[in-house]
Structures are given as structure tokens and as C-alpha cells.
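Engineer: A structural model of the following input is requested.
(chains A and B)
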Amino acid sequence: MKVRTRMAPSPTGDYHIGHIRTLLYNYAFARKNKGEFIIRIEDTDRERFIDGAIDRILDVISDFGFDWDEGPRVGGKFGPYLQSERLPIYKEYAEKLVKLGHAYYCFCTKERLSELKAEQERKGYPVTKYDKHCLSLTDEKIAENLKNNLPYVIRQKVPEDREIKLKDEILGEVKFQTKDIEDGVLLKSDGFPVYHLAVVVDDYLMGITHVLRGVDWLPSTPKHLLIYEALNWEPPKYAHLPNLKEVGGSQKLSKRFGAVFAHSFLEEGYLVPALVNFVMLLGWNPGDEREVFSLQEFIKEFSLERIHKTDLVAFDREKLLWMNGYYIRSMSLEALYDALLDWSKKFNVNLDVEGYSKEYVKKCLELVKDRMRKLNDFTDLTSYFFAPPIVNRELSERYIKDPSVRDKLLSEFYKLYTDIDSGKWGKDNLDKLSHELILDLGLKPKEAFMTLRIICLGKEATPPLFDVLHTLGKRTVLERIKSFI
RNA sequence: GGCCCUGUCGUCUAGCGGUUUAGGACGUCGCCUUCUCAGGGCGAAGACCGGGGGUUCGAAUCCCCCCAGGGUCACCA
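Structural biologist: From the prediction side, this is the model:
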């Protein structure tokens, strides 16, 4: 049988980075097995539906470089792929379950339900459950209620005393007792299905063979298994994945610690290959010491057996930063330049380089490339290339305390540089002549060059001084020295 | 609270009864390269494997109990 996996986002908010991880695993598993990857939109909650969320989710999935064989925008023979467009299907199967004796109509009002729950809590029940009140309704009564258009839901009729065994691909055998499971709602009174009905029906109808999802779904898996069984369908294989948490505690990813939405990471200047690489290690490893993988390599290596059995995996933002820097460093200058421009265009980021040639910008980029960890580091790192620095007085006096020595040094530099022929304004020549000069003046390299760096660039930390001066050009360097004097 | 899952350096993990003085990566620290910051190179510190019992000649690896963390208990997904 052909492997088919799916990712089924709900348009109730923006796509989370954790969703990308889960999607990646589903995607890689399908690709690795020459199968198909499907996207389905689970928009059955009309209360939480957010306008435009579907498009934003699909856009960011595409931005991360994933494609899908079937789903919204591309279609497919098992559509529609929006659950809201499949309502009659769910109704049909809900009614079929009723006929088969695995579900029943329930006319209980929300008021009764909340009273029931309150009472059970009052009595100190360890867990509150529906009391199967409507299970004993006669066929006549049901027909009458239906005829009178009384609002109803269809509930799953969970067997009293059975053990449900799940053979999870990652966790192994997990057992559940049906007495712990309540007769949950399958079809809501607004005619929409609840998740538990919709996933089962859709996964079956769409031929999904493997379901890779977060562990938070583990407790509801027996409900799904029961529906498969009732309908006499073969269930898919399940693999429950660890969830993500912040480093340190055991809290979920939170905006307090940085980005959490997939698009936010892109916006901050993280690279897609770095993000994908980072996220693939969140719950999986190749079994050896390798850590750097392209998507293609990952697809080749990926296997369910190597996903760890653990409930939480820390999302180490420090390591992500390192990895992104690593990817930036290993890109060609040309590719990095293109990536930087594409990024600034896509997210409307002003790089402050207007009026400068592409060649010049690229030379600046080359110098700061090893120092960038995210694309948005560029402007900070290169500010002095595109505008005169604001020189802090105190800083400029830090390395040479004596004002007369400082003035002397700067005027000597000015003289020296004035005399250098434009054609000889090379980094090596600048280096050589500058060293000769300070030797004559009896100054140490550090005090002299740091002072020059600060008055020309405004900062203590920059790429090697003569590389920068060379790139800035003779005229600009002389202007800056002069304006300081 | 009921049910379920998990538990190795600060973090992510390797390990699946002996080849382990528990390996790697991020982070931290030191040295080298040097005009600074990065980067690179080299090196160091860092877990007695949650705790306690077993099984075994031998356990991080198997079993039991406890503890801790997490997930889940909706007409949300």
C-alpha cells in the first residue's frame, strides 16, 4: 500500500514553529517512502475560526519549502480538503454509527450538561462524564424529538468494559480502559463534526496510512480506534511525537522568550534551511554525530524508529542562532546577498543602503558575513559603511589618554593617507604603511588602531580595520578623520 | 484528582547487559591566530545515568516501588 501522510492545520491562529516540525516529519516520511503528502484544513470550529488564517498557514508552509500532493490550492481526488465543505459526509457516518449501535442521539441541553458536571464535581468524582441519559430514549421518543426539530448531538457509545490496545510506532503498546472514556459528542448540534469524528472519517476516506502527531493526541486515540472498529475500518499507524518546550523549565514555547510563529522566525531573518535543519533535530537524530542535514538528506535518513520517546523537547534558541549563523557562513556571498535582498523585500525591511552600488553592498556584506547570525543583524553590523558614525567622545579617548598624542596620531594618519595614491588604496598597503607609521611614533598597534577605528567607524568591534578602510575608500576615510579633528 | 506518557552533562541528545575512565553538539571557560569583534584551530570543566530495591558474574541499559515533570479529561482542535 502506498504511504500517505497528512498535516491538518486548524485555521484558529497562525502557524506555530512546532507545527512545522510535525509537518516536516509527515512530509519526510511520505517522501522517503515514495508516498504522498496531503494537507487538509480542519475548520470545524466556527467559534474560533479566524478569517484569512487558511491562506496565511498555506503561505508559510510554502515559504518553508514544502509542497503537498493533495489539498487546498492543488486539489486531488479525495477532496474537498476543507472539512467545512464535507459536512454531509460526517453526518452520513454519524448516522451510520447510530444505526450500527455505536452512537446515539442526545437531546440534553447545555444547561443540563453543566449542571451534571457541577454535581459530579460536587460529589468529588475523579472524572466527570456524561451520564448516558439519552441512551435509554426509545425510538419513538427520538423520532418525535427529531420531528419537532429539537436540537441534538450524536454521541459515541463507548463500550462499558473493554481494553483498547494501541500499538504506537514510537511509544510501543499503550493500553486504555473504555470505562475511563466518556460518551463524547461526535456530531455537534450545528451539524459540524467534532475533531474525533472528522479525523477518523477523513483519514480513512483519504487513505491516510500513517498519522504522525503530537503526544497531546495520545489520550484521545482510543476514541478514534473505537470508531474505526465500529465502522469495520483498518486504522492507520500512529506515531505520537514529543511536544516543544522552552529551555530551562517545562513551559510551552512562549512569546516571552522569542518568536513562536513560523513566519516570525522568517521575519527575524532566520534562513529556511537552517530552521528546517534545526527543527528536524527536535525529537529525532540520525544515531551518529551528524547534525547538519539538508531537507533531502533528512528525507533519506528519517525513520520512525529514531524518534525519541519523550514528552517534551526543548527548543534551544541559542542553538538555533548558532545554526543559523553556521548556514549564513557556509553560503556563497552571491547567495547570501540574494537572500538578504529577498528577505528585505518580503518583509519590508529597510537595509539603509540606498544610493550605494550592488558591488559596494556586497563588499560590506562579505566583511560582516562571519559575524551575522540572522539576516537582521546586517544593518547593525554595517551602519558605518552607509553613513558617518556618531563618535562617542569618551570612547575615542579610551585607548590614548593624552590629547596631544592622539591629535598627533590622527594628523599623521591623515597626512599618510592623503599621500597614498588611490590606485594603491589596498588593504595590505594600508596595513603596511600604517604599521610603519605607528612604529615611528612609538605607539602600540592596539592603542593606535583602536583609536583610528573608533573615530572612523564609531565602534570598538568591527571587521579588520584595514579591510574596512579599504572598502570605505580613501575619500570617505579622509573625510571622517578630518571631521573628527 | 482519574487515565496515559516520559526521566543520561546547564540544554539537545548517543547509549538498546560487558568494547564506557558514559560519546557528540550548543552554551561556558582557557590557549593559538590578531588592531577589536566574529570566524577558525586546539583544549578544559561539566552527567556517578531522578531515588530506592531487586534480577545477573556484570545494569544507564531488564523487573518492581517511589518521586518528579508533562499530556489529557469541552457541542476546541
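Engineer: tell me where the stretch 351-485 of chain A is predicted with low confidence.
Structural biologist: Along the stretch 351-485 of chain A, the model assigns pLDDT under 70 to no residue.
Engineer: now swap in chain A and tell me
Structural biologist: In chain A (pLDDT under 70), no residue qualifies.
Engineer: please, where are all the strands along it?
Structural biologist: Here chain A has its strands, by DSSP state E, at A:4-7, A:36-39, A:103-106, A:153-156, A:163-168, A:172-177, A:185-187, A:210-214, A:237-241, A:243-246, A:312-315.
Engineer: closest to residue A:278 out of the ones you listed?
Structural biologist: strand A:312-315 (8.7 Å; Cβ to Cβ). Placement of C-beta: from N, CA and C, glycine included.
Engineer: close to RNA strand B, is that closest one?
Structural biologist: Yes. Contact of strand A:312-315 with RNA strand B (Cβ under 7 Å from any atom of the strand) involves A:312-314.
Engineer: just the C-alphas of that strand, formatted as CSV.
Structural biologist: Extracted in CSV, the C-alpha atoms of strand A:312-315 (Å, rounded to 0.1, in the frame of the first residue of the first chain):
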residue,chain,number,x,y,z
LEU,A,312,9.0,17.3,25.8
VAL,A,313,11.9,18.6,23.8
ALA,A,314,13.5,21.9,24.5
PHE,A,315,13.6,24.5,21.8
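Engineer: list the buried residues of it.
Structural biologist: A:312-313, A:315 (16 or more other Cβ atoms under 10 Å).
Engineer: my guess is residue A:35 contacts residue A:209. True?
Structural biologist: Yes. Using Cβ atoms under 8 Å as the test, residue A:35 is close enough to residue A:209 to be in contact (7.4 Å).
Engineer: joint contacts of the two?
Structural biologist: Residues touching both residue A:35 and residue A:209 by Cβ atoms under 8 Å, 6 or more residues apart in numbering: A:2-5.
Engineer: which of these has the most neighbours?
Structural biologist: Scoring the shared contacts of residue A:35 and residue A:209 on neighbours with other Cβ atoms under 10 Å, the highest-scoring entry is residue A:5 at 25 neighbours.
Engineer: hey, what's it bridged with?
Structural biologist: Residue A:5 has these beta-bridge partners by DSSP bridges: residue A:37.
Engineer: list the contacts for it?
Structural biologist: Neighbours of residue A:5 in contact, by Cβ under 8 Å, 6+ apart: A:26-27, A:29-30, A:35-38, A:208-212.
Engineer: what about 7 Å?
Structural biologist: Residues counted as contacts of residue A:5 (Cβ atoms under 7 Å, 6 or more residues apart in numbering) are A:26, A:29-30, A:35, A:37, A:208, A:210, A:212.
Engineer: one more: residue A:235?
Structural biologist: Counting by Cβ under 7 Å, 6+ apart, residue A:235 touches A:225, A:228.
Engineer: which parts of chain A belong to which domain?
Structural biologist: Chain A breaks down by automatic domain parsing into domains covering A:1-72+A:242-330, A:86-241, A:332-387, A:393-484.
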